[in-house]
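Asks: Sequence plus the predicted model coming up.
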Amino acid sequence: WVRDFLEQNAGFRRYVLRELERRGPLLGRELEDRTGRGRLGHRWWGNRQVGLMLEMLHRRGQLAVVGRRTGQRLWDLAERWYPETETIPVREAERILAEQRFRALGVRLEKGEWHAHPDVSDAPVPERVTLLSPFDRLVHDRDRAEALFGFRYRLEMYVPPAKREYGYYVLPLLVGDRLVGRAEPRFDRKSRTLELLGAWGDTSRLEEALAELAAFLGAQLV
């Protein structure tokens with residue numbers, strides 16, 4: 001569908017690239033939506049077509065995030081910021097990416113067996129307690145997380161309320177090197193309060209994680 005979107009909005013794509021070439025770096029809001037599609041959008045990236053186009057061109061290597069202004073990403077042409085590199089075959093690129101991913105994750109499941117990367121550290125894992133983002137690399141691959149930790153995790157914001165197993169935006173609870181539970185905190189920006197809507201599993205150290213989150217948000221825990 002990405003290719004279809006780019007082909008159907010070729011004029012809009014040219015406009016975005018032209019404006020960034022002429023005036024970049026720019027915030028997304030400094031570009032006009034010229035798709036004529038109104039608020040039709042994507043379930044992950046929202047309903048603003050400018051943001052959708054920027055994300056797609058970023059993933060294709062044509063754009064780069066080069067900084068932030070008032071907390072929002074600044075976009076520019078990638079060629080202005082990235083050095084020229086030698087073009088490599090697709091299979092070689094896939095091999096390099098697989099190796100980088102293996103090194104970053106430390107272990108991988110291959111034909112039913114776990115393999116550790118040679119560079120992985122054998123040092124003890126700190127007994128840190130924290131709530132993870134649903135997009136943290138530790139749980140981003142849901143099947144891998146389930147196989148490695150025995151922890152089945154799904155983001156249920158798009159599941160009808162009556163069919164949810166847990167909640168709308170539930171976060172995994174990490175204690176040391178184990179995923180032991182989950183919780184659904186909610187931050188009220190107006191009152192600067194952090195509420196706990198629900199908790200499941202081993203929550204004996206959940207208060208530590210909530211205190212850390214509240215401090216990060218500058219919130220009062222209730």
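Replies: Cool, the structure landed. Keep in mind that what you see is a predicted model, and the values were worked out from it rather than measured.

Asks: Assign E55 to helix, strand or coil.
Replies: helix (DSSP: H, G, I helix; E, B strand; the rest coil).

Asks: Straight-line length of stretch 117-136, end to end?
Replies: 20 Å (C-alpha to C-alpha, to the nearest Å).

Asks: Buried ones in that stretch, by neighbour count?
Replies: Neighbour-count burial for stretch 117-136 flags V129, T130, L131, L132, P134 (criterion: 16 or more other C-beta atoms under 10 Å). For every residue, glycine as well, the C-beta is placed using N, CA and C.

Asks: between those residues, which is nearest A219?
Replies: L131 (13.4 Å; C-beta to C-beta).

Asks: Do you have the helices of this structure handy? List them.
Replies: Under the criterion DSSP state H, the chain carries helices at the ranges 2-8, 10-23, 49-59, 90-105, 142-149, 206-217.

Asks: just how off-centre is the second one within its chain?
Replies: From the chain centre to the centre of helix 10-23 is a distance of 26 Å (C-alpha atoms, centre = their mean, to the nearest Å).

Asks: for it, packing partners?
Replies: helix 49-59, strand 72-77 (3 or more C-beta pairs under 8 Å, 6 or more residues apart in numbering; DSSP states H and E).

Asks: quick one: low-confidence parts of the protein?
Replies: 1-2, 36-47, 222 (pLDDT under 70).

Asks: The longest strand along the chain pairs with which strands?
Replies: Counting by DSSP state E, the longest strand found in the chain is strand 178-188. Using DSSP bridges, the strands paired with strand 178-188 are strand 171-175 (antiparallel), strand 193-201 (antiparallel).

Asks: if we can go back for a sec, can you tell me which of the helices of the chain is packed in deepest?
Replies: For these, the largest average neighbour count (mean count of other C-beta atoms under 10 Å) is found in helix 49-59, namely a mean of 20.

Asks: sorry, back to before: in CSV, list the helices and strands packed on helix 10-23 along with distance to R3.
Replies: CSV is the format used below for the helices and strands packed on helix 10-23 (distance: least, C-beta to C-beta, whole Å):
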stretch, distance to R3
helix 49-59, 9
strand 72-77, 21
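
Asks: if we compare those, which one ends up closest to R101?
Replies: With C-beta to C-beta as the yardstick, what comes closest out of those is helix 49-59 (16.2 Å).

Asks: which helices and strands does that closest one pack with?
Replies: Partner elements for helix 49-59 (3+ C-beta pairs under 8 Å, 6+ apart): helix 2-8, helix 10-23, strand 63-69.

Asks: contact partners of stretch 118-129?
Replies: When contacts are defined by C-beta atoms under 8 Å, 6 or more residues apart in numbering, stretch 118-129 is touched by residues R103, G106, V107, L173, L174, V175, G176, D177, R205, E208, A209, E212.
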